[in-house]
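A.B. asks: okay, predicted coordinates and the sequence, questions at the end:
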Amino acid sequence: MAEWIALDRLLLDARPQRPVGVCDGVLLDHAGFRRRVLAWRSAFAAAEGRDWALYFDDAVAFAAALYGAWHAGKRVFLAADNLPATLQALQSQVSGFAGDVSADCRPLAAVDAAADGALRMLDERACELCVFTSGSTGQPSAISKRLDQLAREVDALQAAFGAQLEGVEVHGTVSHQHIYGLLFRVLWPLAAGRLIHPRRFFHEDLVAALSGTDTVLVATPAHLKRLPEQLDWASLRGRLRAVFSSGGPLPEEAARQVRQWLGVAPTEVYGSSETGGIAWRRWDTDLPPWQPLPGV
């Protein structure tokens, strides 16, 4: 059983036996992840300006840069994608970019740092992150989140669902550049010591990745509505512990199909970028009632 570590003290000591995730095709333990954070902290500490935008395809590479920026006292903006128009819109709001962005943005690079450097406990109220609304009701707008708010959300998720997820590895179809993916695929697994896998978009890739280990799937209604029947979903039975869905309403028919083919009742989470998670329901019956998340 992995030890729970609060997000503000995640990196105080290196823990070589603790898994973090698959990063750029390499399995990274906590000590290796911490070295990457130190390298990013050095880069951000030497960089001028407080506000920096991050975009990474890889969730673990992103997490290392995020923590490096926080440990250097920076405020982080999450770019929804790395399209030229998105980056251009962000340019006036930030001092620079890091990650998988075009060379025109002159992205910051991690620098070599002492492998065993000291990292202090983060100030939960000083660490900030700006996420953007989906823009479904107009132009996307930036919403500021403090680490203490994100940490309480992660605590609530663990209280509600943690008991059923002991020892699982985390797979997902959602991007960590949005609040749902950030919480479910990055921050919650980091605190709980669950192995983070790269995002998988195609159903065929998902079945291959999920089979053979105890896993959890973090998905959206759009993905769950389009499960192709011909794939070997039966191979996941007994090993797939939970399926989470958020980012829009999950249709009853899709929930029933997930239950039938994947052998697990999907858990739907209701919330928004502004409010965070509010409520959840598990589709083990038709039209189950909503329940507030712990602390709501």
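C.D. replies: Okay, I see it.

A.B. asks: list the buried residues of the helix or strand residue 35 falls within.
C.D. replies: According to DSSP states H and E, residue 35 maps onto helix 30-46. Buried residues in helix 30-46, counted by 16 or more other Cβ atoms under 10 Å: 30-44. Backbone N, C-alpha and C define where each C-beta goes, glycine included.

A.B. asks: same for it, what does it pack against?
C.D. replies: Under the contact criterion of 3 or more Cβ pairs under 8 Å, 6 or more residues apart in numbering; DSSP states H and E, helix 30-46 touches strand 19-23, helix 59-71, strand 96-99.

A.B. asks: so which of those comes closest to residue 204?
C.D. replies: Among the helices and strands packed on helix 30-46, the nearest to residue 204 by Cβ to Cβ is strand 19-23 (18.5 Å).

A.B. asks: contacts for that closest one?
C.D. replies: 2, 27-30, 32-33, 36, 58-61, 63-64, 170, 189-190, 193-198 (Cβ atoms under 8 Å, 6 or more residues apart in numbering).

A.B. asks: low-confidence ranges, this structure, go.
C.D. replies: Low-confidence segments of the chain (pLDDT under 70): 115, 134-138.

A.B. asks: just the helices in it please.
C.D. replies: According to DSSP state H, the chain carries its helices in the segments 30-46, 59-71, 84-91, 147-161, 179-181, 188-192, 203-210, 221-224, 252-262.

A.B. asks: can you redo those as a markdown table with distance to residue 242?
C.D. replies: Rendered in a markdown table, the data for the helices of the chain read as follows (distance: least, Cβ to Cβ, whole Å):
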| stretch | distance to residue 242 |
| --- | --- |
| helix 30-46 | 24 |
| helix 59-71 | 18 |
| helix 84-91 | 32 |
| helix 147-161 | 7 |
| helix 179-181 | 15 |
| helix 188-192 | 12 |
| helix 203-210 | 12 |
| helix 221-224 | 13 |
| helix 252-262 | 10 |
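
A.B. asks: ok, which of those helices comes nearest residue 8?
C.D. replies: Of all the helices of the chain, helix 147-161 comes closest under Cβ to Cβ, at 6.4 Å.

A.B. asks: related to what we said a few turns ago, highest mean neighbour count out of the helices and strands packed on helix 30-46?
C.D. replies: helix 59-71 (a mean of 26; mean count of other Cβ atoms under 10 Å).

A.B. asks: next, the angle from it to strand 19-23.
C.D. replies: When axes from the mean of the first three to the mean of the last three Cα atoms, to 10 degrees is applied, the directions of helix 59-71 and strand 19-23 differ by 110 degrees.
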